[in-house]
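> Structure for the following, please:
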Amino acid sequence: MSRPLRLIAPALVLGLVLGACQSATTPSSAAPGSPTTVVTAGPTTTPLPDVAALLRAKLAAITSGDQRLIGTLRVGDVQATFEGTQSTNGPDSSSSMATTVGGVVSTEQHIKVAGVRFAKRGIGPWLEDGSPAGSGDLHAAIEQALSAAVDLDATITGPAAHRLSSSVPSFDPSRYGFAAAAATPGTGTITFQAKADGTPLSVTIQGTWVAASAGTTVDGSLELTIAFTTLNSRPRITAPADVWTTFTSDRFGFSHAQPATFDYSKDKWYDYFTGPTASSGYFATARTSSRGSKLNTIAASELAGLKTALGAKSTANDAITLGGERARLLTVSGVSKELGGKVTIYEAVAVRGKYFYMVVWVAPTAEADAALGMMRQLLTTFAFAK
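This is a model prediction of the structure:
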């Protein structure tokens, strides 16, 4: 739109100059009897705003704010829907995302402060995130799209929002932070919505491609909308207060997280992790030969031994997973002078290969619920050595 405006403006100026010159001619200098000619200026035209340029300037000036994300990713017959929020303040950021696949919801939270990244997955604890940073280039993709965007509402006036659209001729989802591999890049569209003064409202990314899947190809599609909820609001972003550390047991062939406040010790049979107070309790991890026994047999034997040791009248034996393997979670409450009185013991057991693996948490019964919460956090981080 800027080129026609530059052509129109000089013509209007020239008309006004000519009018001024002619209107300055007095009747005495006119030919006798000739009519006096009065030249008036034509109606002025208000230039339409270049919303794309205004939007680029507004986006470049944003240093902080909050966004809301919602979208759908489909690869073949598998569909994932996701929604979340993100806050940024300079180089620091925090985000929360919930993803639903087949009715199952998984959640992730991420925080980046002073160059250090943290992650929390599901009910698991906060950990330092040492995984490679995302390979997507969303910022550059949006900048490129905006530079070529066409204002679909260029002729409207007033405060109504404008839509600016740009085609993506070779759409690859990995550029936008999604791991779905594109066997053949497809096509897409990026649409911006902004106020007439360029204030950004949202960005919508839509694309289709052909994806590689299990030795064949399937259709893939993505629709993602990022809505700007606040601009330059300087949200407060801080590191998580309780960050666990990762422990690797080379002798037992697994790793798991531990609360940073717990002390480590070991003997021939167990690795021990003791809390800072008596109410924290302690937990131990170990691996021993299964001697050919199956999971249910080992779980029943362990449960019987714990029941006898604590004089327990009731117990629980629940199905769980441990490091991706089928496992059992045993619960026993009772009294043990050796362990400090009324205690509750949680024990996760799994069989993998020729070994029997266990995670045992011992806590005062009065703190049993808190201990179970920490036990479940720990179990989400348990991983067998590859």
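> so how far is residue 259 from residue 378?
For residue 378, the distance to residue 259 (CB to CB, to the nearest Å) stands at 9 Å. The C-beta positions use only the backbone N, C-alpha and C, and glycine is treated the same way.
> Give me the more crowded residue out of those two.
residue 378 (24 against 18; other CB atoms under 10 Å).
> In a strand, the more buried one, correct?
No: read with DSSP: H, G, I helix; E, B strand; the rest coil, residue 378 is helix and lies in no strand.
> Going by residue numbers, what spans are strands in the stretch 151-300 of the chain?
Per DSSP state E, counting those that start in this stretch, the stretch 151-300 of the chain carries strands over the ranges 162-171, 182-194, 200-213, 216-231, 243-249, 254-258, 263-266, 271-274, 282-289.
> count of neighbours near residue 332?
Neighbours of residue 332 (other CB under 10 Å): 24.
> Surely it is in contact with residue 306?
Yes: using CB atoms under 8 Å, residue 332 is in contact with residue 306, at 4.2 Å.
> which one is residue 273 nearest to, not counting chain neighbours?
Spatial nearest neighbour of residue 273, chain neighbours left out: residue 262 (4.3 Å); criterion: CB to CB, 6 or more residues apart in numbering.
> How about residue 125?
residue 244 (4.1 Å).
> One more: residue 230?
Nearest non-adjacent residue to residue 230 (CB to CB, 6+ apart): residue 66, at 4.5 Å.
> what's across from the one you found in the sheet?
Going by DSSP bridges, residue 66 is paired in beta bridges with residue 87, residue 230.
> quick one: contacts for it?
Going by CB atoms under 8 Å, 6 or more residues apart in numbering, residue 66 touches 85-87, 228-230, 233, 235.
> 7 Å instead?
85, 87, 229-230, 233, 235 (CB atoms under 7 Å, 6 or more residues apart in numbering).
> what's the closest of these to residue 293?
residue 85 (48.1 Å; CB to CB).
> Can you give me the neighbour number for the closest one?
Residue 85: 15 surrounding residues under other CB under 10 Å.
> Show me the beta-bridge partners of residue 184.
Bridge pairing for residue 184 - DSSP bridges - gives residue 210.
> and the gap between it and residue 178?
The value you get for residue 184 to residue 178, if CB to CB is used, is 16 Å.
> now do residue 151
Relative to residue 178, and taking CB to CB, residue 151 is found at 28 Å.
> Surely residue 120 is within a helix?
No: Residue 120 sits outside any helix when classified using three-state DSSP, being strand.
> Show the contacting residues for it.
By CB under 7 Å, 6+ apart, the neighbours of residue 120 are 109, 126.
> Likewise for residue 167?
Taking CB under 7 Å, 6+ apart as the contact definition, residue 167 lies against residue 189.
> ok so, going back, residues contacting the residue nearest to residue 125?
Residue 244 touches 125-127, 257-260, counting by CB under 7 Å, 6+ apart.
> Buried subset of these as a ChimeraX selection?
Only the buried entries of these go into this ChimeraX selection, using 16 or more other CB atoms under 10 Å:
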select :125,126,127,257,258,259
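> Pick the one among the contacts of residue 244 closest to residue 324.
With CB to CB as the yardstick, the closest approach to residue 324 among the contacts of residue 244 comes from residue 257, at 15.9 Å.
> got any residues that touch both of residue 332 and residue 306?
Common neighbours of residue 332 and residue 306 (CB under 7 Å, 6+ apart) are residue 345.
> Count the residues that sit near residue 149.
For residue 149, using other CB under 10 Å, the count is 23.
> Mind pulling the model confidence for residue 380?
Per-residue confidence (pLDDT) for residue 380: 97.
> Equivalent analysis for residue 183, please.
So residue 183 comes in at 75 (pLDDT).
> list the contacts for it?
210-212, 217.
> Can you tell me which of these has the most neighbours?
residue 211 (21 neighbours).
> my guess is that residue meets residue 220, correct?
Yes: using CB atoms under 7 Å as the test, residue 211 is close enough to residue 220 to be in contact (3.9 Å).
> Give me the distance between the residue lying closest to residue 107 once chain neighbours are set aside and residue 85.
Nearest residue to residue 107 in three dimensions, chain neighbours excluded: residue 98, at 5.0 Å (CB to CB, 6+ apart). Look at residue 98 and residue 85: by CB to CB, they are 10 Å apart.
> Could you do residue 129 as well?
18 Å.
> any idea of the mean pLDDT in stretch 54-61?
Averaged over stretch 54-61, pLDDT sits at 92.
> what residues does it touch?
Residues contacting stretch 54-61 (CB under 7 Å, 6+ apart): 146, 164, 192, 194, 197-200.
> my guess is residue 82 contacts residue 96, does it?
No: counting by CB under 7 Å, residue 82 sits too far from residue 96 to count as a contact (10.9 Å).
> re earlier: output the contacts of residue 244 as CSV; include the columns pLDDT.
Converted to CSV, those look like this (pLDDT from 0 to 100):
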residue, pLDDT
125, 98
126, 98
127, 97
257, 97
258, 96
259, 96
260, 96
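> Check which helices and strands the helix or strand where residue 334 lies sits against.
Here residue 334 sits within strand 325-336, counting by DSSP states H and E. Secondary-structure packing of strand 325-336 (3 or more CB pairs under 7 Å, 6 or more residues apart in numbering; DSSP states H and E): helix 295-310, strand 315-322, strand 341-352.
> which stretch among those comes nearest residue 363?
strand 341-352 (5.8 Å).
> between that closest one and strand 282-289, what angle do the directions make?
30 degrees (axes from the mean of the first three to the mean of the last three CA atoms, to 10 degrees).
> Can you give the strand pairings for strand 341-352, parallel or anti for each?
strand 325-336 (antiparallel), strand 355-364 (antiparallel).
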